[in-house]
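Colleague: Sequence plus the predicted model coming up.
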Amino acid sequence: MRLPFTKMHGLGNDFVVIDARSRPLSLSDAQKRRIADRRRGIGCDQLIVLERSRGADVFMRIFNPDGSEAGACGNATRCVAGRLMAENGVERIVVETISGLLETRAADRGDITVDMGEARTDWRDIPVAQECDTLHLPLALGSLADPVGVNVGNPHAVFFVPDVTVIDLEKAGPELERAPLFPQRANIEFVQLLTPGRLRMRVWERGAGITQACGSGACASLVAAARRGMTGRKAEVVLDGGTLTIEWLPNNHVLMTGGWTTSFQGEIELADVPALEAVHG
Ligand SMILES: N[C@H](CCC[C@H](N)C(=O)O)C(=O)O
């Protein structure tokens, strides 16, 4: 069965988007991994499957290249919202994920603003395996230590460092992602304060590794920096792939604003992977 898809990205964080709103689809983990595989498949940081939603304009499922399902993907949310706004001729879209409803709206210069929901900082909500002060998580790997834990629909550990460009992400990322402290693993951000209004961030994503940008990670980084008194509640976060504007509102919601891009359309043939079972709804 040939399956149409759209390739999209947000600041270089790229996605294969499959629209299953008219025909429910169930993919095996092997098929998800194959689609995301940059050598044997299409290649992407996350596989996004669009489904019908009863309470929103669309249900967005998020899968990492290792097949794990995630509760948030800020960059993909902008891409999906931008696409549906263009399809429907509207400037507001509500996107449902397994973590809840996300309100989005058109911003200046074709950008999209997403309300990523509340920043959760209780140890149970990150989650971490033991009761602790999430402003100073008990975790260290060499000179990397004392991260801040934040959940914005998915788990993040934010390390503040003097220079993000000297961090060996390939070496530190996997061990920190899978530290016993994180029962659901964690996305790992390394943040350098450029000015009180500007953060530089690099990321090792849970289930994906190094990506050019991480929208939820940028949100977690701003909340962490504000909680540490390093910035105000609004700042630019400079990622490898571009810059996002993040604002942590007094109601504890986090707004993320940035661009989105449609790269190309295509079709997937997964003949050599266990059959694609199309579940007729
Ligand atoms: N790897 C993440 C999901 C993708 C997040 C990222 N691409 C974003 O833009 O927020 C996780 O397992 O929670």
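Modeller: On my side now, so go ahead.
Colleague: Tell me the gap between the host helix or strand of Gly173 and the middle of its chain.
Modeller: Assigned by DSSP states H and E, Gly173 belongs to helix 169-177. From the chain centre to the centre of helix 169-177 is a distance of 17 Å (Cα atoms, centre = their mean, to the nearest Å).
Colleague: just checking, what packs against it?
Modeller: Applying 3 or more Cβ pairs under 8 Å, 6 or more residues apart in numbering; DSSP states H and E, one finds that helix 169-177 contacts strand 140-141, strand 187-195, strand 198-205, strand 209-210. C-betas here are computed from N, CA, C, even on glycine.
Colleague: Tell me where the protein has helices.
Modeller: In chain order, the chain shows helices spanning 29-36, 74-88, 169-177, 215-227, with DSSP state H as the criterion.
Colleague: packing partners for the first one?
Modeller: Counting contacts by 3+ Cβ pairs under 8 Å, 6+ apart, helix 29-36 is packed against strand 46-51.
Colleague: please redo it, this time with the cut-off set to 10 Å
Modeller: Judged by 3 or more Cβ pairs under 10 Å, 6 or more residues apart in numbering; DSSP states H and E, helix 29-36 is in contact with strand 2-10, strand 13-19, strand 46-51, strand 58-63, strand 261-269.
Colleague: State the mean pLDDT of it.
Modeller: Averaging the model's pLDDT scores along helix 29-36 yields 93.
Colleague: Name the surrounding residues that touch that helix.
Modeller: Outside helix 29-36, the residues within contact range by Cβ atoms under 10 Å, 6 or more residues apart in numbering are 3, 5, 14-16, 18, 25, 27-28, 40-47, 49, 63-69, 207-208, 268, 270, 272-277.
Colleague: 8 Å instead, please
Modeller: Residues outside helix 29-36 that contact it (Cβ atoms under 8 Å, 6 or more residues apart in numbering): 5, 16, 27, 40-47, 63-67, 268, 270, 273-274, 276.
Colleague: Now the buried members of these.
Modeller: Among the contacts of helix 29-36, those that count as buried by neighbour count (16 or more other Cβ atoms under 10 Å) are 5, 16, 27, 41-42, 44-47, 63-65, 67, 268, 270, 273, 276.
Colleague: Could you report the neighbour count for Gly153?
Modeller: For Gly153, the count of nearby residues is 25 (other Cβ atoms under 10 Å).
Colleague: sorry, that was for Leu169
Modeller: Other residues lying near Leu169 total 16 when counted by other Cβ under 10 Å.
Colleague: how close does it sit to the ligand?
Modeller: Taking Cβ to the nearest ligand atom, to the nearest Å as the measure, Leu169 and the ligand are separated by 14 Å.
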